[in-house]
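Asks: Give the three-dimensional model of this entry:
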Amino acid sequence: MQERDFKPYGYVGALTLGGGGLGQVWGKTTREEAIATVNLALEKGINHIDVAPMYGNGEAESVIGEVFKGKKLEEVKITTKCRLGTLPDEEVYEHLNASLTRSLDRLNMERVDLFLLHTQLREDNFQLLTLNEHREKVTTSLSCYFNAAIPAFERLKTEGKIGSWGIGGLGQNKAVISAINHEIPPEAIQCVINPLNSAGAIGYVDKNYDPNSILAESQKLNIPILGIRAVQAGALTSQMDREPHESGRDIKDFEDYERAEPFRGLAEEWRISPSVLAHRYALSADKVSSVILGVKNRLELSECLQAEEHGKLTKKQILKIEEALSN
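Replies: As a prediction, the model looks like this:
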């Protein structure tokens, strides 16, 4: 697998195995299949795994802990995350440290290489597009982030519990841009990268959220980038393999699936699966170190491996994709 520059580690494989599928966020699988998927990823040269406590209430972390139990990590790097919300400054370190301690216990590890803020960012007085009544729980204010979260991340580094830290790149567009431009910038960022320019259901904070602008700002300032949402929660695949949640919280993902019909038509014309084409699109973005996969089984992983093997798209192909979706 191609290796790309990624400052926190020096280098990283072009594909990262994400924990959403392993934790059954993207449909049902089994612990055995999840473990087999991790082992196949390692066999094929994937050397970075991205998990989080919220992926199956710790299931994804537990899968990784079982795979590596009694083994040395050697060249494999591990990322996990923490949902912080907005807390009093004096409580932030303890919250992050407690979450990390639980994650390390599930992972059977003493440290992780990268620790990411998993709540979305907002300016202090910003009103959320939806879920505003839960604003303090589901988003982190910039004052909390600047005054308490960054010092807490730095303390965890000093204590040897994490190698680097970063942010998820989601939330109020203006707030994320401010975080990127802060005097202490994140050491890594996850950026939504797909031809729909959509975060789908997780874009619930800001109606003006623009993934491309976050990506462009990160590229301009050389913030190390990990791509997410390459297939936009299934919208850029041949068929959604889950039913809409009864709460309607993921309706945007299904609306994006309808919007992506011209993309599927183009994939058919080029005799390539939509999933492979979407991952090649994300892998073609400038200065993207690795694209995080949301696969839940070996079949889905194999399709993503095909995308990496086929390489980047040409500028002409990228333009044709974007034109097809702009009509």
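Asks: what bridges to residue 6?
Replies: Beta-bridge pairing for residue 6 (DSSP bridges): residue 10.
Asks: Next up, the contacts around it.
Replies: Residues near residue 6 by CB atoms under 8 Å, 6 or more residues apart in numbering: 12, 188, 224, 226, 289, 290. C-beta here means a position set from N, CA and C on the backbone, and glycine is covered the same way.
Asks: Over to residue 303?
Replies: 273, 275, 276.
Asks: What is the neighbour count of the second one?
Replies: Put plainly, it is residue 275. Using other CB atoms under 10 Å, the number of residues around residue 275 comes to 21.
Asks: Send over the helix or strand where it lies as PDB, restricted to the C-alpha atoms.
Replies: Following DSSP states H and E, one finds residue 275 within helix 274-283. Taking C-alpha atoms only, helix 274-283 is exported to PDB below (Å, rounded to 0.1, in the frame of the first residue of the first chain):
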ATOM      1  CA  PRO A 274     -19.700   3.700  -7.000                       C
ATOM      2  CA  SER A 275     -17.900   2.800  -3.700                       C
ATOM      3  CA  VAL A 276     -14.500   2.400  -5.500                       C
ATOM      4  CA  LEU A 277     -15.100   5.600  -7.400                       C
ATOM      5  CA  ALA A 278     -15.900   7.500  -4.200                       C
ATOM      6  CA  HIS A 279     -12.900   6.300  -2.400                       C
ATOM      7  CA  ARG A 280     -10.600   7.100  -5.400                       C
ATOM      8  CA  TYR A 281     -12.100  10.600  -5.400                       C
ATOM      9  CA  ALA A 282     -11.200  11.100  -1.700                       C
ATOM     10  CA  LEU A 283      -7.800   9.600  -2.200                       C
END
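Asks: Show me which residues of the following helix or strand past it are buried.
Replies: Downstream of helix 274-283, the first helix or strand assigned by DSSP H and E is strand 288-293. Buried residues in strand 288-293, counted by 16 or more other CB atoms under 10 Å: 288, 289, 290, 291, 292, 293.
Asks: Not counting residues beside it along the chain, what's closest to residue 163?
Replies: residue 113 (4.3 Å; CB to CB, 6 or more residues apart in numbering).
Asks: Let me see the ranges of the helices in the stretch 1-150 of the chain.
Replies: 31-43, 59-68, 89-107, 135-138, 142-144, 150-158 (DSSP state H, counting those that start in this stretch).
Asks: residue contacts, residue 170?
Replies: Shown in contact with residue 170 (CB under 8 Å, 6+ apart): 120, 121, 176, 190, 192, 199, 202, 203, 205, 209.
Asks: So which of those residues are in strands?
Replies: Judged by DSSP state E, the subset of the contacts of residue 170 located in strands is 120, 121, 190, 192.
Asks: wait, the last one sits on residue 226?
Replies: When you say that, I think you mean residue 192. No. With contacts counted by CB atoms under 8 Å, residue 192 stays clear of residue 226, the gap being 10.7 Å.
Asks: one step back: ranking the helices of the stretch 1-150 of the chain by burial, who's on top?
Replies: Of all the helices of the stretch 1-150 of the chain, helix 59-68 carries the top mean neighbour count, a mean of 23, counting by mean count of other CB atoms under 10 Å.
Asks: Show me the shaky parts of the stretch 1-150 of the chain.
Replies: Applying pLDDT under 70 to the stretch 1-150 of the chain flags residues 26-27.
Asks: okay, the helices of the stretch 1-150 of the chain in TSV with distance to residue 219 next?
Replies: TSV is the format used below for the helices of the stretch 1-150 of the chain (distance: least, CB to CB, whole Å):
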stretch	distance to residue 219
helix 31-43	27
helix 59-68	29
helix 89-107	28
helix 135-138	28
helix 142-144	22
helix 150-158	22
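Asks: Those: which one's closest to residue 233?
Replies: Closest approach to residue 233 among those (CB to CB): helix 59-68, 16.4 Å.
Asks: Buried only: go through the contacts of residue 170 for me.
Replies: Neighbour counting by 16+ other CB under 10 Å classes 120, 121, 176, 190, 192, 199, 202, 203, 205, 209 among those as buried.
Asks: Who are the contact partners of residue 322?
Replies: Contacts of residue 322 (CB under 8 Å, 6+ apart): residue 195.
Asks: That one sits in which helix or strand?
Replies: Counting by DSSP H and E, residue 322 is part of helix 315-326.
Asks: what's the spacing between that helix and its chain's center?
Replies: In terms of CA atoms, centre = their mean, to the nearest Å, the centre of helix 315-326 is found 24 Å from the chain centre.
Asks: what inclination does that helix have with respect to helix 274-283?
Replies: Per axes from the mean of the first three to the mean of the last three CA atoms, to 10 degrees, the angle that helix 315-326 makes with helix 274-283 is 120 degrees.
Asks: Mind listing what's buried along helix 315-326?
Replies: 317, 318, 321, 324, 325.
Asks: Pipe the ones in strands among the contacts of residue 170 into CSV and attach distance to residue 40 per row.
Replies: Output for the ones in strands among the contacts of residue 170, formatted as CSV (distance: CB to CB, whole Å):
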residue, distance to residue 40
120, 32
121, 35
190, 23
192, 26
